[in-house]
Structures are given as structure tokens and as C-alpha cells.
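[1] sequence and computational prediction follow.
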Protein chains: 2
Amino acid sequence: MRVHWPRPPEGCRVDTMSVEVSTGDLTGSIDVLVTGHPKDGELKAVVDGGAVIVPFAGLSPEARRRLLERPDLRVYNVHANAIDVAELGLALLLALTRRVVPLDQALRDGRWERDSGMRLAGRRVLLLGYGAIGKALAIRLQALGLYMTAIRARGPFGHDQVAEVHPAHALHMLLPSADIVINTLPLVPDTEALLESYELDLLPRGALVLNLGRGETVDETALFEALQSGQVGGAGLDVWWSYDGRPCHHDFEAMDNVVFSPHRGGQVDITEDERAAAVDALLRELMRGDEPDSRVDVERGY
Amino acid sequence: MRVHWPRPPEGCRVDTMSVEVSTGDLTGSIDVLVTGHPKDGELKAVVDGGAVIVPFAGLSPEARRRLLERPDLRVYNVHANAIDVAELGLALLLALTRRVVPLDQALRDGRWERDSGMRLAGRRVLLLGYGAIGKALAIRLQALGLYMTAIRARGPFGHDQVAEVHPAHALHMLLPSADIVINTLPLVPDTEALLESYELDLLPRGALVLNLGRGETVDETALFEALQSGQVGGAGLDVWWSYDGRPCHHDFEAMDNVVFSPHRGGQVDITEDERAAAVDALLRELMRGDEPDSRVDVERGY
């Protein structure tokens, strides 16, 4: 099995993997291509019926477009960072409920603020997306005494001891009973602007919104106006509408009930080791002829 | 049973309690006094063998001194805020591991910082104190994939499915294997300056320290110097060494690996309701002649 990873990220040592992996420029044909950003020449080198491993969660629109032109290829994701995104989600949620940033800033100036926020235990969470990240979040939030409901595009649905899982079309039915909405969805045609004014208005007043998925799944103007009016009580944002300097086009910076996070959900000190180990495990499954369970539906984009 | 609560906190409606409770000035003798700050006249009014409910966790040194003069009285605490302190502990810990405050501040200025911190799952926590707050923390941290060890003054010791619980004298043995130390101890003679340079140096380099108990249980200069040298990798502080304007005497304000929190562990929007409900439950136990399990050992101070 010939495996090629053109541009492994810094710190990711492919020479320590148990499967031989070439890097850099490509010569000859290959069975497995590892990359999140396949170039045309790289995809042409993959044999008919070969595989592409996108070593993170989701597909970029560009990668999706190119992979749709090669329907013979099996495409897989790597979810090594689910724990780290879940921990970041918890960090942002607790930063909101306990006002960590504004109270830290005030006390550094000698001001002892008293408004200390709200209790999480007993609140109801609606997870948008129930893949590896959604499940890692649900397990943690359940232990904090929260009640978990989730929607996902594909089954299984029903109650799995952690969350009550519904199909995507139940969204409008579920929003009115969500104290906290946490988005972990990738950006695909179905999820673009999934939360607009209509959806935010369905929430109970003061509900919290966390976005750990992709910025464009939430309408920026709608969220800004909902925060201004108090309809949304706070937002924790790890993903944004712009990645060029300023992350947003409205004045979220003036709001102390928004936590800013620079799209680093899956990035912690050990992630590149974990990513290599997860790619390695996936390659070994492919060599054995097993079907890894992180197969991507390229049409849907995840 | 005559119950008197001289100064219930704002928002605490004693008229909704199921037991009749008088407030304000005191006339005649009483069976139960509810206060965290008993005055001499108030204590004198309590009948021999009566009870005092201190409606929070721990005793102030002043209250302890006065209560020691009335050894006939049974003294109880109320632990209604354990969940809130535990949630704050988690908020401060995750703020440290994921650098929530500095990354928020940078991105508000348009700077996308990449150093994103460390994964919590798999780390080892040493809890100093294993009362209501310690247990609430342990349950939550265990669900996040952390390994829990605790010390406490009184048994039971051993493994209780959540944490491995040791007597207090095991502290020096346990510090070298603690990635994170969380203090929930009250201030009593035994706990004053419990963590000095010697103890902090026993930790693995870069360990995190959380203080949710009382400021004076950690030596301020020792912690400051350990943070400067990198021996301690970060600190989340809800309790302080000064409560008069500036909370500290060293330049902790210059450190971005310290999270400042204005001693508000137990304060959230619903706490006064919960406090009244917890006092009410305790009073009903006393009326039935039951022995509530939040009895305070006044000599020890908790």
C-alpha cells in the first residue's frame, strides 16, 4: 500500500508511524493520499478505488468540489481532536456562565465585581451535530448535571444514555427548550446560516450560543442583533466570519458577554502526535481491509 | 423550636421557609441561631444545648473563637454552594489550560494567537479538602478524564469510585505526582500556609494551582516566585491575601497565566434561594431530632 502525505503539519513525524508514508513531491501512483487540501495532480495520482484521508474533521468547500469529481475514491476524516474541541467548548461555556474574562479584567484593576453569573447544573443543552465532538461534549456536560438533546443528519436516533438524539428537521421543535445551543457542525450547503434570526428568536430569552463548528453556520448580523437585544444572553465563539485580522464585521468587541477564541479548538500541545497516531491507526485499518468508521459522505461534506 | 436569623442576606426570603423564623433584633431565648457572625448577645440568647447554623461553608476565626466559648452548642454549616464553587473551579481550570483570557483579549485586538494550551484529559489532580465542594469537583473532573486523588483531615479514607482519598499527612507524598492541585480548604490553624515553597517545589515542573479555599492557605510570596520561575505553570485564584482594593501584594497582575476571580465561588443568580432552602432543610432535620451531617467541629474550624 503506497501512502503519500505531501505536507504533514509541523511537529507531525510521519517517520515514527507504523506504516511507510512518503512526503513532499509525488512521483508515480499511490493508494492513499493524506491531505486536507488535495491538488489536482495529487488526486490524479491516486489509483482507481483508492482512498483519501483528510486528517481533521470535515471538508473544505474546495476539497469537497475536487473530491466530488472522483466518486471512486473513499474519503475518511480523522477525529483526533474531539476531546480538545470538547474541552474548549466547556472552557468557553464556563467562561460565559461565570463571566471569567470581565471579572478577571476588573480585579486586575482592583475592582471586585459581584455579578457572578449563573449555575450550569440543571440547564438544557441542544447540540447541533452529534459526531465525535458532539459526543465528547455530551459526556462531559452530562456529568455537570446538564440535560442533553442533539440533532444530527444521519441516525441512529433515540436516547443513547447520554443524549436524546433527533434528526436535523427537529431543530425548530427543539430550540424553544434549549438554554444553551452548541454548534459543532461543519460548513456544508445544509448547514450554511442554519441559525438566523428566526431560529435565535425561537430560543428562550437569554439563552447562550456556542459556535465550535464553522462561522458561516450562524448568521453574523442575526447573532449580533440578538445579543444586543438580550434575546441571546451570551456567545462563545471559536469560529468566525472573517479570518483576515478582525474576525467579525459587527462590534462584538464591545460586548463583555462574548468570549473570543481564535479558532483553536483542536490545537493543544500534543495534538500533532495524536493526529499522526490517528492517521496511522486509520492506515492500518485500510491495510487490513477493514472499513474505518470515519468515512466521509463527500456529497454531504462530512 | 424558636429560630432566629438576625441578618438574612438580601434576596433570602425567610417568610417562604417551612419553619417559622424571626429576624432583626432579638428578644427572649431561642433554640437555633442562624448567622455566620454571631454577636455575644445573640449567642447568650441560645438555650443550653441549642444549635447555631452558619449558613455557608466554614467558620470565620472570630466566629470560631466565640463558639469555642459555648461548647454546649451544636454548630452546623450549609453547603448549598458546593455545585457553584465546583463549576467555578472548572471554569478557572479550563481558563488556564486553554488560555481563555489572554486569547480573548488578543483576538479583540485582531491578533490570532496560536499557543492554545494543554489537554486536561489524562492529567492527575490532587484535591486539598474532600468535603462537599471537593466531591462535587471530583465527580466533574473524573468525567473529563482526569485522575483524582484527595487529602482530607477526617476519614473515611480509601477509594470511593471517584477519588483515592488520603489523610492530610500524605500531602508531601502526593504532591510529586500532581499535575494540578486544587485547594478547597477553609482557613484554620492546620491549613494556614499549607502550601509554601517547599510544597510547591515538590510538584512536577509546570503544575497548575487553583485556590478556591482561603487565600492564606497558600503563601503569597512562594506562589509568586514559583510562577515567575515556571515551577508553577499557572494559577487560578478565587481567594486572595487582601480584600481591600488590590487583592495581592506581588505583581500577579503582570502575569497572563494567572486567572483573577473576585471570591465569588458560591455566588450565582440562584444562590440565596438555595441557601434559604438548605437552611430550611436543616431546620426540619433538627425539628425531627435527626443529626444533620453538616455538623462543624468548632475546634478544627470545619
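    Yes, it's here. Residues are numbered from 1 along each chain as shown, chains lettered A, B, ... in the order given.
[2] outline the domain layout of chain A.
    Residue ranges for the domains of chain A, per automatic domain parsing: A:3-80+A:269-288, A:82-260.
[3] and the shortest one, average pLDDT?
    Read that as domain A:3-80+A:269-288. Per-region confidence: domain A:3-80+A:269-288 scores 89 on mean pLDDT.
[4] ditto for stretch A:243-250
    95.
[5] next, the buried residues of it.
    A:Pro247, A:Cys248 (16 or more other CB atoms under 10 Å in any protein chain shown). Backbone N, C-alpha and C define where each C-beta goes, glycine included.
[6] is chain B contacted by the helix or strand A:Gln228 falls within?
    For A:Gln228, the enclosing helix or strand under DSSP states H and E is helix A:220-229. No: contact of helix A:220-229 with chain B (CB under 8 Å from any CB of the partner chain) is absent, the minimum separation being 14.9 Å.
[7] give the buried residues for that helix.
    Within helix A:220-229, the residues that count as buried by 16+ other CB under 10 Å are A:Glu220, A:Ala222, A:Leu223, A:Phe224, A:Ala226, A:Leu227.
[8] just checking, the third one touches A:Leu200?
    Read it as A:Leu223. Yes: using CB atoms under 8 Å, A:Leu223 is in contact with A:Leu200, at 6.8 Å.
[9] who touches both of the two?
    Among the neighbours of A:Leu223, those also in contact with A:Leu200 (CB atoms under 8 Å, 6 or more residues apart in numbering or on different chains) are A:Val209, A:Val232.
[10] for whichever residue of the stretch 1-150 of chain A sits closest to chain B, give me its contacts.
    Using CB to the nearest CB, the point where the stretch 1-150 of chain A gets nearest to chain B is A:Ala143, with a distance of 3.0 Å. Residues in contact with A:Ala143 (CB under 8 Å, 6+ apart) are B:Ile139, B:Arg140, B:Gln142, B:Ala143, B:Leu144.
[11] tell me if I'm right that the last one and A:Asp84 touch.
    Just to be clear, that refers to B:Leu144. No: using CB under 8 Å, B:Leu144 is not in contact with A:Asp84, being 11.8 Å away.
[12] who has more neighbours out of those two?
    It is A:Asp84, of B:Leu144 and A:Asp84, that has more neighbours when counted by other CB atoms under 10 Å in any protein chain shown, with 27 against 24.
[13] still on that earlier bit, now the residue of the stretch 1-150 of chain A closest to chain B. Its backbone dihedrals?
    Main-chain torsions, A:Ala143, degrees, to the nearest 10: phi -70, psi -20.
[14] what bits of the stretch 151-300 of chain A have low per-residue confidence?
    For the stretch 151-300 of chain A, the stretches flagged by pLDDT under 70 are A:266-271.
[15] can you pull out the strands in it?
    Along the stretch 151-300 of chain A, the stretches classed as strands by DSSP state E, counting those that start in this stretch are A:158-159, A:164-167, A:180-183, A:207-211, A:232-237, A:258-260.
[16] what pairs with the last one, parallel or antiparallel?
    In other words, strand A:258-260. Strands that pair with strand A:258-260, judged by DSSP bridges, come out as strand A:232-237 (parallel).
[17] the shortest one too?
    Within its sheet, strand A:158-159 is paired with strand A:164-167 (antiparallel), according to DSSP bridges.
[18] buried residues, the strand it pairs with. List them.
    Those would be A:Glu164, A:Val165, A:His166, for strand A:164-167 by 16+ other CB under 10 Å.
[19] just stretch A:45-53 next, same as before
    Within stretch A:45-53, the residues that qualify as buried are A:Ala45, A:Val46, A:Gly50, A:Ala51, A:Val52, A:Ile53, counting by 16+ other CB under 10 Å.
[20] give me the beta-bridge partners of the fifth one?
    Spelled out, it's A:Val52. Counting by DSSP bridges, the residues bridging with A:Val52 are A:Leu33, A:Val75.
[21] comparing the domains of chain A, which comes out most buried?
    Most buried of the domains of chain A, by mean neighbour count (mean count of other CB atoms under 10 Å in any protein chain shown): domain A:82-260, with a mean of 20.
[22] between the two ends of it, how far is it?
    20 Å (CA to CA, to the nearest Å).
[23] report the central residue of chain A.
    Central residue of chain A (CA atoms, centre = their mean): A:Gly213, 3.8 Å from the mean position.
[24] just confirm it contacts A:Ile182, I think it does.
    No: if you go by CB under 8 Å, A:Gly213 and A:Ile182 don't touch, sitting 9.0 Å apart.
[25] what do the two both touch?
    By the contact definition CB under 8 Å, 6+ apart, A:Gly213 and A:Ile182 are jointly contacted by A:Leu128.
[26] please see if stretch A:12-23 touches chain B.
    No: Stretch A:12-23 lies out of reach of chain B by CB under 8 Å from any CB, never closer than 15.3 Å.
[27] check what contacts that stretch and list those residues.
    Applying CB under 8 Å, 6+ apart, the set of residues contacting stretch A:12-23 is A:1-8, A:34, A:272-273, A:275-276, A:279-280, A:283-284, A:287.
[28] what about 6 Å?
    A:Val3, A:His4, A:Trp5, A:Pro8, A:Glu272, A:Arg275, A:Ala276, A:Asp280, A:Leu283 (CB atoms under 6 Å, 6 or more residues apart in numbering or on different chains).
[29] show me what contacts A:Val298?
    Contact partners of A:Val298, counting by CB under 6 Å, 6+ apart, are A:Leu67, A:Leu68, A:Val75.
[30] ok, the last one to A:Leu43 distance?
    Translated: A:Val75. In this structure, A:Val75 and A:Leu43 are 11 Å apart, going by CB to CB, to the nearest Å.
[31] next: A:Asp84.
    If you go by CB to CB, the gap between A:Asp84 and A:Leu43 works out to 29 Å.
[32] again with A:Glu291
    The gap separating A:Glu291 from A:Leu43 is 21 Å, by CB to CB.
[33] cool, and A:Ser229?
    Note on A:Ser229: its distance to A:Leu43, by CB to CB, is 47 Å.
[34] write out the residues of chain A neighbouring chain B.
    By CB under 6 Å from any CB of the partner chain, the part of chain A that sits against chain B consists of A:83-84, A:87-88, A:90-91, A:94-95, A:98, A:100-101, A:103-104, A:107-108, A:110, A:112-113, A:116-121, A:140, A:143-144, A:245-246, A:253, A:259-260, A:262, A:264, A:267-269.
[35] just these: which are in helices?
    Here DSSP state H is the test, and the residues of chain A next to chain B give A:83-84, A:87-88, A:90-91, A:94-95, A:100-101, A:103-104, A:107-108, A:140, A:143 as lying in helices.
[36] if we can go back for a sec, with distance to B:Asp25 as added columns, please give the buried residues of stretch A:45-53 in a markdown table.
    As requested, those are arranged in a markdown table below (distance: CB to CB, whole Å):
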| residue | distance to B:Asp25 |
| --- | --- |
| A:Ala45 | 89 |
| A:Val46 | 86 |
| A:Gly50 | 86 |
| A:Ala51 | 81 |
| A:Val52 | 79 |
| A:Ile53 | 76 |
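[37] show me what contacts the residue lying farthest from the centre of chain A?
    Each residue of chain A has a distance to the centre, and by CA atoms, centre = their mean the biggest one is for A:Gly110: 37.4 Å. By CB under 6 Å, 6+ apart, A:Gly110 lies in contact with B:Gly245, B:Arg246.
[38] same question for A:Leu185.
    Listed by CB under 6 Å, 6+ apart, the contact set of A:Leu185 reads A:Leu128, A:Gly129, A:Thr191, A:Gly213, A:Thr217.
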